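Participant: Mind folding the following:
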Amino acid sequence: MIRVALIGLGKMGISHLAIVRSHPSVELVAVCDTAGYLLDVLSKYTGLKTYTDYKTLLASEALDAVVISTPSRYHGEIVRAALERGLHVFCEKPFCLDLDEARSLVDLARAQGVVNQVGYHYRFVGAFQEAHRLLQAGAIGSVHHVRAEAYGPVVLQPKGATWRANKREGGGCLYDYASHAIDLMNYLVGPPRAVSGSVLNRIYSADVDDEVYATFDYGQGMRGQLAANWSDESFRKMSMKITVWGTDGRITADRQEIQVFYRGSNGAALGLNSGWNVRYTTDLTSEVSYYLRGEEYSAQMDHFFSSIENRSIENVSPFSSALLTDTVIHQIQRDALGERAEPAAARPARGGLVKRVFRFS
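Facilitator: Numbering: from 1, shown residues only. Predicted coordinates:
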């Protein structure tokens, strides 16, 4: 059994708690949070060992791995403490607020030889994985445009905000919603060469952005557009959609399905017919050991734990790819302020990161 501790019991932490506790390969040894009432309830009704200080937890328990789901500002220091003890680490997104810290943690994780993963769960949705497979195979020819959209109802009034609307804690639509869209764009077509036209606009929040818009330049005439808004109550919950245009067709994917318009000449080998093809996420999704909220949440944890069991450092969503997403976030912030930002693709961490998945003829 993999001995695991969970640090941070907010919305995502509670979700991870249910998934981790039910996993057949895992023993949840202890949890850590600063909310005394929550810890008292967990201790009373589940018997779990509880801590209010992550340093005491790490020093007291014999562990193989940690799951970190604290507010973003604490990610860096807790990840480092875990890595220095040689533990495998799953960290919620976004990875780090400081790029230099993120780079050093990528290097430290590599030096320690441990499994490392960031919670960009859209990489585990069947429709997006199918889009990744088709783009890797060059199914729609030379890609010339990509558009990612993320909308949902998080902040709908000026009052009642949580740490997610606190800039110092790492909140805001850019870190919370747009980071998913950026990571998915990186996953499918690679990181942009430059960012321009960035808008970080406030609607209800006093301290952070509520909507994000930006244009990406990938070189060789390829462009991308990002749109994210977490103050849109026309959506019941977060909605993610990405569209990729190529010389041989178009791919549109969301949580429910993937639509492919194909006009190439190698469709049989790719499983595509000429014209429209539609496949549903339910047909593209493998069984998970426990269902909560969506298969992707359990699938990402299954992947983390199976990587530990198989001693595989290769990961679908490693620290190194999360660093690229952090870098694009940093580019957008600087561009919105009128500052010049260094291209994400120009400063990868050592060892190579996200493979460019599109082809130019």
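Participant: Would you map the helices across the stretch 251-361 of the chain?
Facilitator: Ranges of helices within the stretch 251-361 of the chain are 267-270, 281-284, 295-309, 319-336, based on DSSP state H, counting those that start in this stretch.
Participant: Nearest to residue 94, out of these?
Facilitator: When these are compared by C-beta to C-beta, helix 319-336 sits nearest residue 94, at 6.1 Å. In short, each C-beta sits where N, CA and C put it, glycine included.
Participant: Packing partners of that closest one?
Facilitator: With contacts defined as 3 or more C-beta pairs under 8 Å, 6 or more residues apart in numbering; DSSP states H and E, helix 319-336 has these neighbours: helix 99-112, strand 116-118, helix 179-189, strand 194-201, strand 211-219.
Participant: Okay, angle between that helix and strand 211-219 too, please.
Facilitator: Helix 319-336 runs at 110 degrees relative to strand 211-219, counting by axes from the mean of the first three to the mean of the last three C-alpha atoms, to 10 degrees.
Participant: For helix 319-336, C-alpha coordinates in PDB please.
Facilitator: Provided in PDB are the C-alpha atoms of helix 319-336 (Å, rounded to 0.1, in the frame of the first residue of the first chain):
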ATOM      1  CA  PHE A 319       5.700  19.800 -12.800                       C
ATOM      2  CA  SER A 320       7.600  20.600 -15.900                       C
ATOM      3  CA  SER A 321       4.500  21.100 -18.100                       C
ATOM      4  CA  ALA A 322       2.800  23.000 -15.200                       C
ATOM      5  CA  LEU A 323       5.800  25.300 -15.200                       C
ATOM      6  CA  LEU A 324       5.100  26.100 -18.900                       C
ATOM      7  CA  THR A 325       1.500  27.000 -17.900                       C
ATOM      8  CA  ASP A 326       2.800  29.200 -15.100                       C
ATOM      9  CA  THR A 327       5.100  30.900 -17.600                       C
ATOM     10  CA  VAL A 328       2.200  31.800 -19.900                       C
ATOM     11  CA  ILE A 329       0.300  33.100 -17.000                       C
ATOM     12  CA  HIS A 330       3.300  35.300 -16.100                       C
ATOM     13  CA  GLN A 331       3.400  36.400 -19.800                       C
ATOM     14  CA  ILE A 332      -0.200  37.500 -19.700                       C
ATOM     15  CA  GLN A 333       0.300  39.400 -16.500                       C
ATOM     16  CA  ARG A 334       3.200  41.300 -17.900                       C
ATOM     17  CA  ASP A 335       1.600  41.900 -21.200                       C
ATOM     18  CA  ALA A 336      -1.500  43.300 -19.500                       C
END
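Participant: Quick check: buried residues in that helix?
Facilitator: 319-333, 335-336 (16 or more other C-beta atoms under 10 Å).
Participant: Of all the helices of the stretch 251-361 of the chain, which one is nearest residue 2?
Facilitator: Smallest distance to residue 2 across these (C-beta to C-beta): 5.6 Å, for helix 295-309.
Participant: picking up where we left off before, and the helices of the stretch 251-361 of the chain as CSV, adding mean pLDDT and distance to residue 154?
Facilitator: Conversion of those to CSV gives the following (pLDDT from 0 to 100; distance: least, C-beta to C-beta, whole Å):
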stretch, mean pLDDT, distance to residue 154
helix 267-270, 92, 37
helix 281-284, 92, 23
helix 295-309, 94, 18
helix 319-336, 96, 17
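Participant: Out of those, which gets nearest to residue 117?
Facilitator: Of all these, helix 295-309 comes closest under C-beta to C-beta, at 4.9 Å.
Participant: can you tell me which residues contact residue 13?
Facilitator: Counting by C-beta atoms under 8 Å, 6 or more residues apart in numbering, residue 13 makes contact with 6, 7, 33, 69, 70.
Participant: Equivalent analysis for residue 254, please.
Facilitator: For residue 254, the contact set (C-beta under 8 Å, 6+ apart) comprises 127, 239, 240, 241, 242.
Participant: In helices, which of those residues fall?
Facilitator: Of those, the ones assigned to helices by DSSP state H are residue 127.
Participant: what's the closest of the contacts of residue 254 to residue 12?
Facilitator: Of the contacts of residue 254, the one sitting nearest to residue 12 (C-beta to C-beta) turns out to be residue 240, at 16.3 Å.
Participant: which ones are touching that closest one?
Facilitator: Per C-beta under 8 Å, 6+ apart, neighbours of residue 240: 122, 148, 149, 150, 180, 181, 184, 254, 255.
Participant: Repeat the analysis, applying 7 Å as the threshold.
Facilitator: Going by C-beta atoms under 7 Å, 6 or more residues apart in numbering, residue 240 touches 122, 150, 180, 181, 184, 254, 255.
Participant: Where does pLDDT dip in the stretch 101-250 of the chain?
Facilitator: Scanning the stretch 101-250 of the chain for pLDDT under 70 picks out 160-161.
Participant: in whichever helix or strand residue 227 is part of, what's buried?
Facilitator: Residue 227 is part of strand 222-229, with elements assigned from DSSP states H and E. Across strand 222-229, burial judged by 16+ other C-beta under 10 Å covers 222, 224, 225, 226, 227, 228, 229.
Participant: Output those in JSON lines; the columns should cover distance to residue 306.
Facilitator: JSON lines is the format used below for the buried residues of strand 222-229 (distance: C-beta to C-beta, whole Å):
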{"residue": "222", "distance to residue 306": "35"}
{"residue": "224", "distance to residue 306": "32"}
{"residue": "225", "distance to residue 306": "35"}
{"residue": "226", "distance to residue 306": "32"}
{"residue": "227", "distance to residue 306": "35"}
{"residue": "228", "distance to residue 306": "31"}
{"residue": "229", "distance to residue 306": "35"}
